[in-house]
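Participant: could you look at this predicted model? Sequence included:
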Amino acid sequence: MKKTIKAYIVALVLGVLLLCAVTPFFGAGYVYVYFAGWELQTNIWVLCALILTISFCIQSIYMLIKAFFARQKLKAKQATSFSDLHPYEKLAILWLLDAQAEKEPMVRQVFAHSGMLNHIITANFLYKKEQFNEGHIALEQAPPDAYELKEVLYINALLDQDEQEQSFVHLEALSKHKPSAWLVDVKQGYEQSISKLWGKFAFKFPWSYLKTAHYGHLSAQDNTAWLTAILQRFESSDVAQKNELKARYISLETTYMQDTIRENKILWLKILARCDDTLQEQERLSSHLLHEQFDQEVCFMWFEQKMSMIQPDYFEIEQQVNMWQHRYTDAPIFDFMKWHIYQVTGRYLEAAQLLNNFPNHVLMNYLRIKSKIQDDILLTEQLNQVFETNTHFLKIQI
């Protein structure tokens with residue numbers, strides 16, 4: 001339909017130019033038409049416009065009727081051969097079946113004559129085969145107006161090759177780049193693709209992700225993967241990286257932390273427990289989490305933070321523990337905290353009585369072993385190491 005409209009516009013322009021060139025010499029003329037009792041008296045301008053309009057209307061009606069019957073025929077058509085299907089139907093079937101073996105030749109055949117997508121699709125399949133050099137060559141042949149698609153594929157290939165510096169530079173540039181006008185209708189999908197690339201980068205290079213100025217755009221799942229990767233590699237980090245991590249949390253504390261999922265808040269709390277000079281941040285975050293919902297793991301980290309203060313208020317801590325124990329179902333964590341409070345306040349008999357509770361729970365088993373070896377600093381440290389290995393990144397300091 002667009003081609004037809006363009007053809008009529010061209011014909012209209014040419015007709016107007018021709019009449020403009022002729023009428024100064026011969027005038028507008030006089031046309032008289034008499035048919036079946038109807039008569040029309042006009043000039044050549046009106047006649048040409050009338051003929052063009054009638055012709056356009058007839059052709060438009062014909063094309064609409066033709067398209068309608070073509071759709072009806074397509075709906076009623078029985079699928080007897082895959083090759084007889086419409087290209088869009090072929091692509092839909094490949095997508096629905098996730099037919100990887102047949103996808104490449106079929107997709108490349110469909111888009112072989114696409115000036116915009118041909119080389120990009122070729123590069124994508126080459127990258128999946130880990131033929132990165134060939135993929136880069138194919139991608140360079142794609143047109144400039146496909147810049148965003150080229151960059152998304154190229155960055156993903158760089159990440160697959162563990163090219164940290166190059167992938168970071170290209171990701172930063174793409175994040176700052178204003179999308180082309182043709183991407184407006186798929187803006188959300190385009191932004192999600194960039195977010196996924198940042199998630200992949202953050203998981204592969206967790207400490208390098210701290211250098212980006214575009215943080216805060218990871219999905220909840222990618223953020224979980226990044227924070228977990230940070231915890232897994234925390235012991236190998238240096239002071240500068242830890243300071244960058246602490247600065248990142250402080251910059252997110254008043255905005256991002258309120259909206260993120262609970263799992264990520266707990267991971268951040270475990271990270272703060274490993275950083276120096278973060279007692280205030282730990283207290284705010286742990287209090288926030290416990291206000292939302294009581295959690296044994298969070299309660300443990302809250303207790304460690306309170307006990308790590310220069311002058312702990314044991315009476316206040318014990319009151320809070322008693323309040324929680326009264327409010328919630330009795331749990332081993334409460335006896336665990338009370339045992340430490342009783343130990344530091346000299347109530348050894350009460351502490352010993354607590355060791356009889358929850359005979360099969362790991363926290364109380366830890367205390368029963370610790371009570372026997374607490375005079376041996378080396379054995380206590382070894383016990384803490386064993387316990388930390390099995391408690392999802394909890395850091396034992398008490």
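Facilitator: Good, I have the coordinates.
Participant: need the pLDDT of residue 35.
Facilitator: We have a pLDDT of 72 for residue 35.
Participant: please apply the same query to the one 10 residues further on.
Facilitator: Looking at residue 45, its pLDDT reads 74.
Participant: I'd guessed residue 164 sits against residue 206; true?
Facilitator: No. Using Cβ atoms under 8 Å, residue 164 is not in contact with residue 206, being 11.2 Å away. All C-beta atoms are positioned from the backbone trio N, CA, C, and that covers glycine.
Participant: quick one, which of these two is more surrounded?
Facilitator: Each of residue 164 and residue 206 has its neighbours counted (other Cβ atoms under 10 Å); residue 206 has more, 22 against 14.
Participant: so that one touches residue 231, yeah?
Facilitator: No. Using Cβ under 8 Å, residue 206 is not in contact with residue 231; the gap is 9.2 Å.
Participant: so which residues of the stretch 101-250 of the chain form helices?
Facilitator: Ranges of helices in the stretch 101-250 of the chain, per DSSP state H, counting those that start in this stretch, are 118-128, 132-140, 147-160, 164-176, 187-204, 220-232, 239-252.
Participant: buried residues in the third one?
Facilitator: Pointing back at helix 147-160 there. Using 16 or more other Cβ atoms under 10 Å as the test for burial, helix 147-160 gives 148, 149, 150, 151, 152, 153, 154, 155, 156, 157, 158, 159.
Participant: what do you get for the fifth one?
Facilitator: Buried residues in helix 187-204, counting neighbours by 16+ other Cβ under 10 Å, are found at 190, 193-204.
Participant: average pLDDT across that helix?
Facilitator: Here the average pLDDT along helix 187-204 is 93.
Participant: angle of that helix against helix 147-160?
Facilitator: Calculated by axes from the mean of the first three to the mean of the last three Cα atoms, to 10 degrees, helix 187-204 forms an angle of 20 degrees with helix 147-160.
Participant: which elements pack onto helix 187-204?
Facilitator: Under the contact criterion of 3 or more Cβ pairs under 8 Å, 6 or more residues apart in numbering; DSSP states H and E, helix 187-204 touches helix 147-160, helix 164-176, helix 220-232.
Participant: quick one: low-confidence parts of the stretch 151-300 of the chain?
Facilitator: 214-216 (pLDDT under 70).
Participant: could you redo the last one with a cut-off of 90?
Facilitator: The stretch 151-300 of the chain contains residues with pLDDT under 90 at 176, 179-180, 182-185, 187, 211-220, 235-238, 247-260, 273-284, 286-300.
Participant: residue contacts, residue 296?
Facilitator: Residues near residue 296 by Cβ atoms under 8 Å, 6 or more residues apart in numbering: 331, 332, 333.
Participant: biggest helix in this protein, by residue count?
Facilitator: helix 44-76 (DSSP state H).
Participant: continuing past it, what's the next helix or strand?
Facilitator: Tracing the chain past helix 44-76, the next element assigned as helix or strand by DSSP states H and E is helix 87-97.
Participant: list the contacts of that following helix.
Facilitator: Residues outside helix 87-97 that contact it (Cβ under 8 Å, 6+ apart): 82, 85, 99, 102, 103, 106, 107, 110.
Participant: can I get the buried residues of helix 147-160 in a markdown table with distance to residue 294?
Facilitator: As requested, these are exported to a markdown table (distance: Cβ to Cβ, whole Å):
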| residue | distance to residue 294 |
| --- | --- |
| 148 | 47 |
| 149 | 48 |
| 150 | 51 |
| 151 | 47 |
| 152 | 44 |
| 153 | 47 |
| 154 | 48 |
| 155 | 43 |
| 156 | 42 |
| 157 | 47 |
| 158 | 45 |
| 159 | 40 |
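Participant: okay, the buried residues of helix 187-204 in TSV with distance to residue 170 next?
Facilitator: Shown next, in TSV, are the buried residues of helix 187-204 (distance: Cβ to Cβ, whole Å):
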residue	distance to residue 170
190	15
193	13
194	11
195	15
196	14
197	9
198	12
199	15
200	13
201	10
202	15
203	17
204	14
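Participant: show me how the record splits this protein into domains.
Facilitator: What automatic domain parsing lists as the domains of the chain is 2-77, 308-398.
Participant: let me know which of those is tucked in deepest.
Facilitator: Across these, averaging neighbours per residue (mean count of other Cβ atoms under 10 Å) puts domain 308-398 on top, at a mean of 14.
Participant: can you give me how far that one is from the chain middle?
Facilitator: 40 Å (Cα atoms, centre = their mean, to the nearest Å).
Participant: so what pLDDT did the nearest residue to residue 120 once chain neighbours are set aside get?
Facilitator: Once flanking residues are discounted, residue 120 sits nearest to residue 142: 4.9 Å by Cβ to Cβ, 6 or more residues apart in numbering. Looking at residue 142, its pLDDT stands at 90.
Participant: ok, so what distance separates residue 142 from residue 101?
Facilitator: 25 Å (Cβ to Cβ, to the nearest Å).
Participant: between those two, who's got more neighbours?
Facilitator: Neighbour totals were compared for residue 142 and residue 101, and residue 142 leads with 21 against 6 (other Cβ under 10 Å).
Participant: roughly how far does that one sit from residue 148?
Facilitator: Taking Cβ to Cβ, one finds residue 142 at 11 Å from residue 148.
Participant: list the contacts of the closest residue to residue 351 other than its chain neighbours.
Facilitator: Of all residues not flanking residue 351 in the chain, residue 342 sits nearest, at 3.7 Å (Cβ to Cβ, 6+ apart). Listed by Cβ under 8 Å, 6+ apart, the contact set of residue 342 reads 348, 350, 351, 354.
Participant: ok, residue 342 to residue 335 distance?
Facilitator: Distance from residue 342 to residue 335, by Cβ to Cβ: 10 Å.
Participant: now do the shared contacts for those two.
Facilitator: With Cβ under 8 Å, 6+ apart, residue 342 and residue 335 have common neighbours residue 354.
Participant: can you lay out the helices and strands packed on helix 187-204 as TSV showing distance to residue 120?
Facilitator: Putting the helices and strands packed on helix 187-204 into TSV (distance: least, Cβ to Cβ, whole Å) gives the following:
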stretch	distance to residue 120
helix 147-160	5
helix 164-176	15
helix 220-232	25
